[in-house]
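Peer 1: I'd like to go over a predicted model; first the sequence, then the structure.
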Amino acid sequence: MEANNLFNNRYFLERLLGRGNFSEVWLAKDTKTDIKVALKIYAPATGLDDAGLNVFAREFSLVVNANHKNLLKPLYYDSFERKPFLVLPFCEKGSIMKEVGKMSEKDAWRLLRDVASGLAWLHNMKPPIIHQDIKPDNVMIGENGDFMITDFGVSTHLKSTLRKSMSVAFRSAGTIAYMAPERFSKDNTPIMANDIYSLGATVFEMLTGDTPFGDDGGLIQMKGAEVPVLKGDYSPQLKEVIARCLRTNPWERPTAEQLEKYAENGLNGRKITFAGNKTFWDKYKIFILIGILLAIIAGVTSCILVKKHKEAVQANFVALQTKAYNDSIQSLINTSILVGDSLSNVGNLHEEGFEIALIDAYNTYKDVISYQFKDGHCYKDKSKVENKILQIERLLYDAYVTFKEKAAFFAEEEEIADEFEGRAKAISDVIDVTKYETNNTTNTDNEQTIKE
């Protein structure tokens, strides 16, 4: 391709903006509208055969409706002389590449938030779209200063198709510096966590001037190297977020949704609560409950001893002690209900691992039912607790079904499928899921009978 030529009898090529592994990007003028556009031309040297063109058209049909403010949506798609091309809005400010090593912490938070938001949109598509090439060249700066992802929708299949048509000059890897360590393993199937790592490496470079492991990326990390410390006068929260993005184990990295929330909090100076970090209650709840129980037992034991010693001569005093004992049991019940309600509220937030809080709430309510018969004491609101148990049980069953469905959806990604299977099993170990499955089957049969 050469400047000062007309492409597809419409787009006047003014100058080359950039060249990637599979494409060239030109600043062009649309002669029909007289506006400037960015023209991305794939396989510019050789073009594609019919099969390749069909693959290209099919792949880009998946992202034609990418209506998200942090995704640079193509305006038009076509092919000319067997070369597929996209017409994109021209961003006067270009990519963030010119800001490498100059970015402030505030802009780093904005970059994390905007790109994570765009990735969350792509990752939640059906089927999910994994970008696979997040780097400074693929993040543009919009007119209003928003950061926008470009070059999404190029799947592994499409890359393979393009690679077969490329000359040696276009086969440079170019993006290894941003590739996650698992991409160099035997099973290098793209997963969402790859994009999170690449975003972490990108922000690291924007702040320091270089990627965490130079040109070798996660390949060095795969061999045991530790992630270097982010040097500079940056907040501990920003350093922690980037470190989490660059973790060697992909399942320890935040999701795009989590990362967007972290960045929003960091940008606004709020404390970040990281998923997986245990709260004070999570860490010490066993010791707290044991302490409460021991205190109650000590109090009850004291009451019993006093009762026996004074039984013959202090009937009124014994009655008071009996009431104190019952009150202590009632106090234990009330405390347990408060604990159960708190856990239930945590579970209803549907944060990462929400089912664990629901399981703890379920077991706590079960304990309340067992307390009520202790020494003939009867909890007057037993039915309320039983209703809470049924509600939690239903929520757990719904979570069980969701995890089973996700395990089936990610069947080809064994680690993800195993994770969801494990979460489903943790629920089925606590509640009888067959009860609900039987009810669902019965309801379906009844509905069929009515229709007949």
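Peer 2: Good, I have the coordinates. Residues are numbered from 1 along each chain as shown.

Peer 1: quick one, helices of the chain?
Peer 2: Along the chain, the segments classed as helices by DSSP state H run 50-60, 105-123, 156-165, 192-208, 218-222, 236-245, 256-267, 280-310, 315-348, 354-371, 382-409, 414-428, 433-451.

Peer 1: how is the protein carved up into domains?
Peer 2: Domains of the chain are assigned by automatic domain parsing as 6-89, 96-159+171-267, 282-451.

Peer 1: Not including adjacent chain positions, what is the nearest residue to residue 419?
Peer 2: Distances taken as C-beta to C-beta, 6 or more residues apart in numbering put residue 251 closest to residue 419, at 7.0 Å, once the chain neighbours are dropped. Bear in mind the C-beta positions are built from the backbone N, C-alpha and C, glycine included.

Peer 1: my bad, should have said residue 87
Peer 2: residue 76 (4.0 Å).

Peer 1: What of residue 105?
Peer 2: Counting by C-beta to C-beta, 6+ apart, the residue nearest residue 105 is residue 234, at 5.4 Å.

Peer 1: Quick one, grab the pLDDT at the residue nearest the centre of the chain.
Peer 2: Centroid check for the chain by C-alpha atoms, centre = their mean gives residue 255 as the closest residue, at 2.2 Å. We have a pLDDT of 96 for residue 255.

Peer 1: Ok, residue 206 next?
Peer 2: Here the pLDDT value assigned to residue 206 is 97.

Peer 1: tally of neighbours for it?
Peer 2: Other residues near residue 206 come to 22 when the count uses other C-beta atoms under 10 Å.

Peer 1: close enough to count as contact, it and residue 104?
Peer 2: No - using C-beta atoms under 8 Å, residue 206 is not in contact with residue 104; the gap is 9.6 Å.

Peer 1: Tell me if I'm right that the residue nearest to residue 105 and residue 206 touch.
Peer 2: No - if you go by C-beta under 8 Å, residue 234 and residue 206 don't touch, sitting 11.5 Å apart.

Peer 1: check contacts around residue 5.
Peer 2: 12-13 (C-beta atoms under 8 Å, 6 or more residues apart in numbering).

Peer 1: rerun that using 10 Å as the cut-off
Peer 2: The contact partners of residue 5, taken as C-beta atoms under 10 Å, 6 or more residues apart in numbering, are 11-13, 26, 28.

Peer 1: quick one on the thing from earlier: ok, the residue nearest to residue 105 to residue 108 distance?
Peer 2: Note on residue 234: its distance to residue 108, by C-beta to C-beta, to the nearest Å, is 8 Å.

Peer 1: Tell me the residues that contact both of these two, please.
Peer 2: 207, 242.

Peer 1: Just the CA trace of stretch 95-108, in PDB.
Peer 2: C-alpha atoms of stretch 95-108 as PDB (Å, rounded to 0.1, in the frame of the first residue of the first chain):
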ATOM      1  CA  SER A  95      -3.000   5.600  21.000                       C
ATOM      2  CA  ILE A  96      -1.600   5.800  24.500                       C
ATOM      3  CA  MET A  97       1.800   4.600  23.200                       C
ATOM      4  CA  LYS A  98       3.100   8.200  23.200                       C
ATOM      5  CA  GLU A  99       2.400   8.400  26.900                       C
ATOM      6  CA  VAL A 100       4.600   5.500  27.900                       C
ATOM      7  CA  GLY A 101       6.600   6.300  31.000                       C
ATOM      8  CA  LYS A 102       4.700   9.600  31.500                       C
ATOM      9  CA  MET A 103       1.300   8.600  32.800                       C
ATOM     10  CA  SER A 104       0.200   9.900  36.200                       C
ATOM     11  CA  GLU A 105      -1.500   7.700  38.800                       C
ATOM     12  CA  LYS A 106      -4.900   9.300  38.200                       C
ATOM     13  CA  ASP A 107      -4.700   8.500  34.500                       C
ATOM     14  CA  ALA A 108      -3.400   5.000  35.300                       C
END
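
Peer 1: now it: mean pLDDT?
Peer 2: 95.

Peer 1: what's next to that stretch, contact-wise?
Peer 2: The contact list for stretch 95-108, computed with C-beta under 10 Å, 6+ apart, reads 17-18, 25, 93, 110-111, 115, 135-141, 145, 147-148, 150, 202-211, 230, 232-235, 237-238, 241-242, 263, 266-267.

Peer 1: centre of the chain versus that stretch, how much separation?
Peer 2: Centre-to-centre, stretch 95-108 and its host chain are 24 Å apart (C-alpha atoms, centre = their mean, to the nearest Å).

Peer 1: For that stretch, buried residues please.
Peer 2: For stretch 95-108, a neighbour-count test (16 or more other C-beta atoms under 10 Å) marks 95-96, 99-100, 103, 105, 107-108 as buried.

Peer 1: Of these, just say which sits nearest to residue 198.
Peer 2: Taking C-beta to C-beta as the measure, residue 96 is the one of these closest to residue 198, at 13.4 Å.

Peer 1: ok, now how distant is the closest one from residue 114?
Peer 2: Applying C-beta to C-beta, the value for residue 96 to residue 114 is 10 Å.

Peer 1: anything in contact with each of those two?
Peer 2: Common neighbours of residue 96 and residue 114, using C-beta under 10 Å, 6+ apart, are 139, 147.

Peer 1: rewinding a little: who wins for most neighbours among the contacts of residue 5?
Peer 2: residue 28 leads the contacts of residue 5 on contacts (other C-beta under 10 Å) with 27 neighbours.

Peer 1: Give me the pLDDT value at that one.
Peer 2: Looking at residue 28, its pLDDT stands at 96.

Peer 1: what does the one 3 residues further on give?
Peer 2: Residue 31 is assigned a pLDDT of 96 by the prediction.

Peer 1: and what of the one 4 residues further on?
Peer 2: For residue 35, the model assigns a pLDDT of 94.

Peer 1: For it, which residues are in contact?
Peer 2: Counting by C-beta under 10 Å, 6+ apart, residue 35 makes contact with 28-29, 89-90.

Peer 1: same deal with residue 264?
Peer 2: Residue 264 neighbours (C-beta under 10 Å, 6+ apart): 109-110, 112-113, 116-117, 270, 272.

Peer 1: Might you report the residue contacts of residue 251?
Peer 2: Going by C-beta under 10 Å, 6+ apart, residue 251 touches 182, 191, 193, 415-416, 419.

Peer 1: quick one: which of those is nearest residue 298?
Peer 2: Residue 298 lies nearest to residue 419 out of the contacts of residue 251, by C-beta to C-beta, at 43.4 Å.

Peer 1: which stretches of the stretch 201-350 of the chain have low pLDDT?
Peer 2: Along the stretch 201-350 of the chain, the parts satisfying pLDDT under 70 run over 276-287, 300, 302-350.

Peer 1: before we move on, back to that, winner for burial among the domains of the chain?
Peer 2: domain 96-159+171-267 (a mean of 19; mean count of other C-beta atoms under 10 Å).
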